[in-house]
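**Q** Got a predicted structure here, sequence first:
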Amino acid sequence: MKKYILQLVFTAAFLLAMVPVSAQNYATHAVKEGETLKSISQKYRVTPYSILQANKEIKSASDVKENTILIIPLNGKPVENKTESKEEKQEEEKVKPIRFTRHRVKRKETIFGLTQKYNITEDQLKRYNTRLYSETLERRMVLQIPVFPEVDPNEEKELDFETYTVQPKETRWSIAHKYGISVDSLLILNPELDKNTNYLAIGEELKLPRPKGDSLKEQKTEIFISYTVPPKMTLYSLGREYGIPADSIVRLNPEIMQEGGLKEGMVVRLPKKKDDEGEVNTDNFIFYEVKPKQNIFRLTQNLKISREDLFRLNPALENGLKAGMVLKLPKEKADQLEVKNALVLDKINLVDSINIENRPKLVFMLPFRLDKVDVNDREKAQELIKNRRDLALSLGFYTGAMVALDSIKKLGVSVDVKTYDTQLDQAKVKEILFRENLNGVNAIIGPLAPGPLDEVAVQAAAKDIPVIAPISSDSKLSHNNVFYSVPRDVVLRDKMLSYMEKIHKDENIVIIADSTHQVAHDSILSKFPAAQIAKVIDNKSLHLDEFLIQLSGEKENWVFLETDQPNMVASVTSILNSANTSSLLSTEETKEIKVRMLTTSFNAAFENEAVSKTHLSNLKFTYPSFYRESGSDAFTKAYSQKYRGVLPDRYAVRGFDVTMDVLLKLAYKNNLFETSKYIGLTEYAGNGFDYLNDWTSGYFNRACYIMEYDNLRIKEVEPNDSKSNL
């Protein structure tokens, strides 16, 4: 008991001894270049001795060096530094934080270290953490860290702003590069711009800083030229010719106002014209945004460009490489790099970039038709599944999706999943949406039908939830939150025609197209103007005699068949197969006919039972497809193990691929809209995904393949393998 009382006494004495110290106000000061012990003591109205007493490690005035952190005992108000404090303080007050982050102080951290880490001043840190004016930094103290706009206030305070009108084919990247700012800075200056897209409308007006050199204080003598004003020259036309506003010319030449305007024969100062290699837009250049901790050597390696060319296109690099800079690159580099919306993408391995702290919340909405299927009657259930494509697709898709969920779980990612049966009924979808809470959902996969899909898309858009359309390629309505996983017909057609144009030599081209495929007919003809047009009777058959005359016995024949009629496909395929094995009699010699069949509009008609697969193989039938034959042994094995030896069909492969793509992207960054900016082409068991944001209409997949029948098998044509080419 005596020992306990003594301990209390000593504790009380210690606390009483601490009272005067706690009552004393302190400040910390990072010594700047040129400051001395005397100047610092005068600034804070304290004696040099009191500073030395509070900082035992400082033995003399000579120990006070740049970046030394001093504790200053405050006996009075600090004196403002007349050379900078008033100006800097007024300027800092103009720049407001755009947000705050929290920081828990760790052992051995200092105020100076925090200001360096977060790129803020000591005054800014204390202004939003007022306790630091009187308390020293302590471990576990939670601080509010201000985050300021990336635009450097010291750079902008001498600059005026101008209104810039967006020109055709310009992007945020090209405009940011033109003005020497980052895209984030452009967004800060123009808060009305949508931060979830890269869209810019032609004619849209942006607020931007005048380029350096427009301000009289920033002009250097060596960048001026003397210019003699010719007859009929106006301030506007002169400014337009030299790329600076008229008011900047007046500021550079005050005599213009004194003389009452620009006069013929007047000699004025103007900045040198900039070397211009053409407009900075997507027609001429692609762009790359510099990431933190990158260096010039690594950039030249990754961007496949020499140091000299990089600096020539981007003179601002002479002042140093900075994160957020937008670099201009030659347009032809797009063939060697992965480019999306004119922006070069960094290669990201999604599997290696998983953040297991992300816990995606996923919803499936598919027509399982449990209202129609009697699970107690196995035979009827099987018959229904066999005859209903929507049911077969949903069940196949979902079985593949379940394998994807197993796979992501093995990678350490937990997923919350909810599944709903839409019953292929829009009213049912409305009921589900009314009943269920979608808050916190990261993505919705489905529905299949256009009506229910539109209903879900509208409801999800209000909560900023992305919707993935499993089989739709478009919608009559505009949904900027829908990811259409099936490429549009125009994408497939362009892929096919671009490939065929690339390998075309002197082949004889014949087009067979029914009246419902006029767009395909016109597209082929625009690429191959010399193509012959075969006569089609009643959209069902060929005028055989006329068609056979159109085939060449000297050149290889490429026959484009554009129809969705199974009987016509079967008939034409049979005719072409027969022609392929026959010959034409020439006066000189017998010559074999060589025919290959192609289409830009692959559809179910070409897979109909009436169409001979042998004929298609003989004709080296070639077509564009968003699906390639699954070559993923890992997926096939996992699927077979899960479903007791059953092999996956095309729907199951698609279910796995669509779901795995969504899950990996959410595991990387828990926001599909964000990942769509940074992730380019991704490929899985049988499908690829390369979404292009069409701003108001949604995200459209551009990934597709050129497929070919060969020896009764379907293979992907490798564009860089000449042996596989047609």
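**A** Noted; the coordinates are in hand.
**Q** what's the burial count for residue 162?
**A** Neighbour count for residue 162, taken as other Cβ atoms under 10 Å: 17. C-beta: built from backbone N, CA, C; applies to glycine.
**Q** Helix or strand: which one has it?
**A** In this structure, residue 162 sits in strand 161-165 according to DSSP states H and E.
**Q** Mind listing the strands that strand pairs with, and their directions?
**A** strand 205-209 (antiparallel) (DSSP bridges).
**Q** Please spell out which residues along the partner strand are buried.
**A** Within strand 205-209, the residues scored as buried using 16 or more other Cβ atoms under 10 Å are 206, 208-209.
**Q** With just CA atoms, put that strand into CSV.
**A** What follows is strand 205-209, C-alpha atoms only, in CSV (Å, rounded to 0.1, in the frame of the first residue of the first chain):
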residue,chain,number,x,y,z
GLU,A,205,-15.5,24.9,-75.2
LEU,A,206,-12.8,24.2,-72.6
LYS,A,207,-11.0,26.5,-70.1
LEU,A,208,-7.3,26.1,-70.6
PRO,A,209,-4.2,28.1,-69.5
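**Q** Rounded mean pLDDT for that strand, please.
**A** When pLDDT is averaged over strand 205-209, the result is 83.
**Q** And residue 510, how far from residue 537?
**A** Counting by Cβ to Cβ, to the nearest Å, the gap from residue 510 to residue 537 is 16 Å.
**Q** neighbour count winner among the two?
**A** Shown here are residue 510 and residue 537; by other Cβ under 10 Å, residue 510 has more neighbours (20 against 9).
**Q** So in that sheet, which strands flank the helix or strand containing the more buried one, and in what orientation?
**A** With elements taken from DSSP H and E, the one containing residue 510 is strand 508-513. Strand 508-513 sits in its sheet next to strand 532-533 (parallel), strand 557-562 (parallel), going by DSSP bridges.
**Q** Which one, of those strands, ends up nearest to residue 628?
**A** Among the strands paired with strand 508-513, the nearest to residue 628 by Cβ to Cβ is strand 557-562 (21.1 Å).
**Q** got the buried residues for the very next helix or strand once past the closest one?
**A** Sequence order places helix 566-580 as the next helix or strand after strand 557-562, per DSSP H and E. Under the neighbour-count criterion of 16+ other Cβ under 10 Å, helix 566-580 has 566, 568-573, 575-577, 579-580 buried.
**Q** Only C-alpha atoms, please: export helix 566-580 in CSV.
**A** C-alpha atoms of helix 566-580 as CSV (Å, rounded to 0.1, in the frame of the first residue of the first chain):
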residue,chain,number,x,y,z
PRO,A,566,-29.8,-22.4,-95.1
ASN,A,567,-31.1,-23.9,-98.4
MET,A,568,-29.2,-21.2,-100.4
VAL,A,569,-26.0,-21.9,-98.4
ALA,A,570,-26.4,-25.6,-99.0
SER,A,571,-27.0,-25.1,-102.7
VAL,A,572,-24.2,-22.6,-103.4
THR,A,573,-21.8,-24.7,-101.3
SER,A,574,-22.6,-27.8,-103.4
ILE,A,575,-22.2,-25.9,-106.7
LEU,A,576,-18.9,-24.3,-105.6
ASN,A,577,-17.6,-27.7,-104.4
SER,A,578,-18.4,-29.2,-107.8
ALA,A,579,-16.8,-26.3,-109.7
ASN,A,580,-13.7,-26.7,-107.5
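**Q** Use 472 as the first number for this chain going forward.
**A** With 472 as the first residue, the last one maps to helix 1037-1051.
**Q** Now do it: which elements does it pack against?
**A** Helices and strands touching helix 1037-1051, by 3 or more Cβ pairs under 8 Å, 6 or more residues apart in numbering; DSSP states H and E, are strand 1012-1013, helix 1015-1021, strand 1028-1033, strand 1066-1069, helix 1084-1089.
**Q** and it with strand 1028-1033, angle?
**A** Per axes from the mean of the first three to the mean of the last three Cα atoms, to 10 degrees, the angle that helix 1037-1051 makes with strand 1028-1033 is 180 degrees.
**Q** Now do helix 1037-1051: distance to the chain's middle.
**A** Offset of helix 1037-1051 from its chain centre (Cα atoms, centre = their mean, to the nearest Å): 45 Å.
**Q** which residues are in contact with it?
**A** By Cβ atoms under 8 Å, 6 or more residues apart in numbering, the list of residues contacting helix 1037-1051 from outside reads 983, 985, 1010-1013, 1015, 1018-1019, 1022, 1030, 1032, 1034, 1064-1066, 1068, 1075-1077, 1079, 1081-1083, 1085-1087, 1089-1090, 1092.
**Q** which of these are buried?
**A** For the contacts of helix 1037-1051, a neighbour count by 16+ other Cβ under 10 Å gives the buried set as 983, 985, 1012-1013, 1018, 1022, 1030, 1032, 1034, 1064-1066, 1068, 1076-1077, 1082, 1086-1087, 1089-1090, 1092.
**Q** Please report how far residue 1028 lies from residue 967.
**A** Distance, residue 1028 to residue 967, using Cβ to Cβ: 17 Å.
**Q** So the two - more neighbours on which side?
**A** Counted by other Cβ under 10 Å, residue 1028 and residue 967 do not tie: residue 967 has more neighbours, with 27 against 21.
**Q** How about the contacts made by residue 878?
**A** By Cβ under 8 Å, 6+ apart, the neighbours of residue 878 are 1109, 1131.
**Q** quick one: it and residue 1115, what's the gap?
**A** Residue 878 is 18 Å from residue 1115, by Cβ to Cβ.
**Q** and what of residue 1028?
**A** To residue 1115, residue 1028 is 48 Å away according to Cβ to Cβ.
**Q** Could you do residue 1087 as well?
**A** From residue 1087 over to residue 1115 (counting by Cβ to Cβ), the distance is 33 Å.
**Q** what do you get for residue 857?
**A** From residue 857 across to residue 1115, the span is 20 Å (Cβ to Cβ).
**Q** can you check residue 1135 too?
**A** 27 Å.
**Q** Of those two, give the one with the bigger neighbour count.
**A** Relative neighbour count places residue 1135 above the other of residue 1135 and residue 1115, with 24 against 6, counting by other Cβ under 10 Å.
**Q** now that one, what's its secondary structure?
**A** helix (DSSP: H, G, I helix; E, B strand; the rest coil).
**Q** That one against residue 823, yeah?
**A** No. Taking contacts as Cβ atoms under 8 Å, residue 1135 lies outside contact range of residue 823: 10.5 Å.
**Q** what's the following helix or strand after the strand holding residue 981?
**A** Note on strand 979-984: by DSSP H and E, the next helix or strand toward the C-terminus is helix 989-998.
**Q** Contacts for that following helix next, please.
**A** Here helix 989-998 makes contact (Cβ under 8 Å, 6+ apart) with 964-965, 968, 971-972, 980, 982, 984, 1002, 1004, 1031, 1033, 1071-1072.
**Q** Could you export those residues as TSV, including pLDDT?
**A** As requested, the contacts of helix 989-998 are exported to TSV (pLDDT from 0 to 100):
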residue	pLDDT
964	95
965	94
968	95
971	94
972	92
980	96
982	95
984	94
1002	94
1004	94
1031	97
1033	96
1071	96
1072	94
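**Q** now residue 842: how far from residue 855?
**A** Here residue 842 is placed at a distance of 11 Å from residue 855 (Cβ to Cβ).
**Q** Neighbour count for those two, which is higher?
**A** The residue with more neighbours, out of residue 842 and residue 855, is residue 855; 16 against 11, by other Cβ under 10 Å.
**Q** now the strands for the stretch 672-821 of the chain?
**A** 676-680, 695-699, 738-742, 756-760, 797-801, 810-811, 814-815 (DSSP state E, counting those that start in this stretch).
**Q** tell me what the last one is packed against?
**A** Using 3+ Cβ pairs under 8 Å, 6+ apart, the elements in contact with strand 814-815 are strand 756-760.
**Q** Please work out which residues outside the strand it packs on touch it.
**A** Here strand 756-760 makes contact (Cβ under 8 Å, 6+ apart) with 642, 644-645, 648, 653-654, 770, 774, 784, 795-802, 804-805, 808, 810, 813-815.
**Q** buried residues in it?
**A** For strand 756-760, using 16+ other Cβ under 10 Å, the buried residues are 756-760.
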